[in-house]
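Student: Generate coordinates for the sequence data below:
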Amino acid sequence: MPRYPNRVRGKMTKTKPGTTLIIIAMLVGLLVQALPASAATMTLMSPIPTPDVTAASVYVMDTTSGIPLYSKNPDDRRAIGSMVKMMTALVTLKWVEDPDNALVTITDYDPVELGYTQMYLQVGDTLSVTQLLYGLMLPSGGDAANALCRYVGGIISGVTEHPGIACESFVGEMNKYAAELGLDNSRFTNPDGRDADNAYSSAQDVYLMTEAMMQNSKLMGIIQHPAYLIYSEGDPSLEYRADSTLAPYLGSAATGIPGVIGGKTGSEVQAGANASVIREVNGGQNRVIIVVMGSDLVYNDAGGIDVDTRWDDVRTIVSAMDSQFAWTNPADPGVIPGLSSELMVWDVQFENPPAIPVPTSGDAGIAYQMQVGALTKTGEPAGTLFLFFGTTPVGQLPLYQAEIASQ
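Tutor: This next block holds a predicted model:
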């Protein structure tokens, strides 16, 4: 393919949203809708139909490449149950610098009534913040949530003798941190996620919480355990043990879902059955977060659960994902038709790009737009490749200046 004279470059997208990119159509036979100026901040939604599930809301994203796989009512506000505890853990670690050595004495404010998940804390015992995080994230202990709320809220507010005031400060910090993370459809009123008026989140916001948790090495280390056994720091030291609510579904379990390495569950009367799970794909090179909210949940008169379809929903999504997508290096010839030649024309290249999910069937093939700036030094940022499934924008990858051959 001939090069342009003098390697003159400019933006290859039109300035008005909604127009088409004629130059790409001429060069590689692709005619795609121009990316709106606001697309970088919009909710990315895949045009691939979401599998038939009972969940009211679904959001599935390859967090490694930033490309969504499925979405169903991703911004609808719903109760989320104990998935709130991800935010409780994030706020705790934001305020506690040394959780292994920060000690919390359990008071009568912390225990929860029977019927709610708990780690069965004993009043008067002493545990580290790290130990409470295990009890919070694995058996989904509401008592651990109360203890952390009271303790960390005391740090935030400076009020330690009034647990209610301290916990109000903690919940305020939960909402403040949610805003910092871009959770536009979330509001929290308690640290444990029990149903409450005017408390909600959305599937996309839960994805963002899960992604933040995934970036925290301590929390990732905790949630991958199928069970825990700890000995408190009190005198006498007490033993606490419990299984993770995810234990039967981790990929390492006999009944597990392939690739699932951790996450958080949540269920309540209003919330229904919910789960946010982290799944490794592509030989562990990519991680996908699967959020299902409002799956069918039916309690019996004894307080047990007769119907819980969230794991059927997750398995359905995993099966569809494995059949409808292939993870491929975008720089490989033929993955994105015409792209290799186009990169050469504009003297740009990828640098260790993540593998991307490419639809393997249906009408939503992969397409692209390039936005390239002025010539710069070899290896420096030089532009952006915008990716589409059909005409729907689904993500972007950075481009870098390639070495320019002498003429």
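Student: tell me the helices in the stretch 301-407 of the chain, going along the chain?
Tutor: 310-324, 339-345 (DSSP state H, counting those that start in this stretch).
Student: Redo the ones you listed as a markdown table? Include distance to L375.
Tutor: Where C-beta positions appear, they are placed from N, C-alpha and C, glycine not excepted. Conversion of these to a markdown table gives the following (distance: least, CB to CB, whole Å):
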| stretch | distance to L375 |
| --- | --- |
| helix 310-324 | 40 |
| helix 339-345 | 13 |
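Student: Out of those helices, indicate the one that is most buried.
Tutor: Stretch with highest mean neighbour count among the helices of the stretch 301-407 of the chain: helix 310-324 (a mean of 19; mean count of other CB atoms under 10 Å).
Student: Just list what that one packs against, helices and strands only.
Tutor: strand 57-62, strand 67-72, strand 260-268, strand 272-281, strand 286-295 (3 or more CB pairs under 8 Å, 6 or more residues apart in numbering; DSSP states H and E).
Student: on that earlier part again, okay if I get the helices of the stretch 301-407 of the chain as a markdown table plus distance to P163 and mean pLDDT?
Tutor: Output for those, formatted as a markdown table (distance: least, CB to CB, whole Å; pLDDT from 0 to 100):
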| stretch | distance to P163 | mean pLDDT |
| --- | --- | --- |
| helix 310-324 | 33 | 97 |
| helix 339-345 | 59 | 91 |
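Student: Tell me which of those lies nearest to V358.
Tutor: helix 310-324 (9.9 Å; CB to CB).
Student: how about that closest one as PDB, C-alpha atoms only?
Tutor: In PDB, the C-alpha atoms belonging to helix 310-324 read as follows (Å, rounded to 0.1, in the frame of the first residue of the first chain):
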ATOM      1  CA  ARG A 310     -27.900 -16.500  40.100                       C
ATOM      2  CA  TRP A 311     -25.400 -19.300  39.500                       C
ATOM      3  CA  ASP A 312     -27.500 -20.700  36.700                       C
ATOM      4  CA  ASP A 313     -27.300 -17.200  35.200                       C
ATOM      5  CA  VAL A 314     -23.500 -17.000  35.600                       C
ATOM      6  CA  ARG A 315     -23.100 -20.400  34.100                       C
ATOM      7  CA  THR A 316     -25.300 -19.400  31.100                       C
ATOM      8  CA  ILE A 317     -23.200 -16.300  30.600                       C
ATOM      9  CA  VAL A 318     -19.900 -18.200  30.800                       C
ATOM     10  CA  SER A 319     -21.100 -20.700  28.300                       C
ATOM     11  CA  ALA A 320     -22.200 -18.000  25.900                       C
ATOM     12  CA  MET A 321     -19.000 -16.100  26.400                       C
ATOM     13  CA  ASP A 322     -16.800 -19.100  25.500                       C
ATOM     14  CA  SER A 323     -18.800 -19.800  22.300                       C
ATOM     15  CA  GLN A 324     -19.300 -16.200  21.100                       C
END
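Student: now the stretch 301-407 of the chain, which segments are flagged as low pLDDT?
Tutor: 405-407 (pLDDT under 70).
Student: how about 50 then?
Tutor: 407 (pLDDT under 50).
Student: And the chain, by the same measure?
Tutor: 1-41, 407.
Student: Quick check: can you list the domain ranges of it?
Tutor: Segmentation of the chain into domains, based on automatic domain parsing, reads 5-42+329-401, 57-324.
Student: In the protein, which helix is the longest?
Tutor: When the chain is parsed with DSSP state H, its longest helix is helix 163-180.
Student: Just the C-alpha atoms of it, please, in PDB.
Tutor: What follows is helix 163-180, C-alpha atoms only, in PDB (Å, rounded to 0.1, in the frame of the first residue of the first chain):
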ATOM      1  CA  PRO A 163     -20.600   3.900  67.600                       C
ATOM      2  CA  GLY A 164     -23.700   5.200  65.900                       C
ATOM      3  CA  ILE A 165     -22.100   8.500  65.100                       C
ATOM      4  CA  ALA A 166     -18.900   6.800  64.000                       C
ATOM      5  CA  CYS A 167     -20.800   4.500  61.700                       C
ATOM      6  CA  GLU A 168     -22.700   7.500  60.200                       C
ATOM      7  CA  SER A 169     -19.300   9.000  59.300                       C
ATOM      8  CA  PHE A 170     -18.200   5.700  57.800                       C
ATOM      9  CA  VAL A 171     -21.300   5.500  55.600                       C
ATOM     10  CA  GLY A 172     -20.700   9.100  54.500                       C
ATOM     11  CA  GLU A 173     -17.200   8.100  53.400                       C
ATOM     12  CA  MET A 174     -18.700   5.100  51.500                       C
ATOM     13  CA  ASN A 175     -20.800   7.500  49.400                       C
ATOM     14  CA  LYS A 176     -17.900  10.000  49.000                       C
ATOM     15  CA  TYR A 177     -15.600   7.200  47.800                       C
ATOM     16  CA  ALA A 178     -18.300   5.900  45.500                       C
ATOM     17  CA  ALA A 179     -18.400   9.300  43.800                       C
ATOM     18  CA  GLU A 180     -14.600   9.300  43.500                       C
END
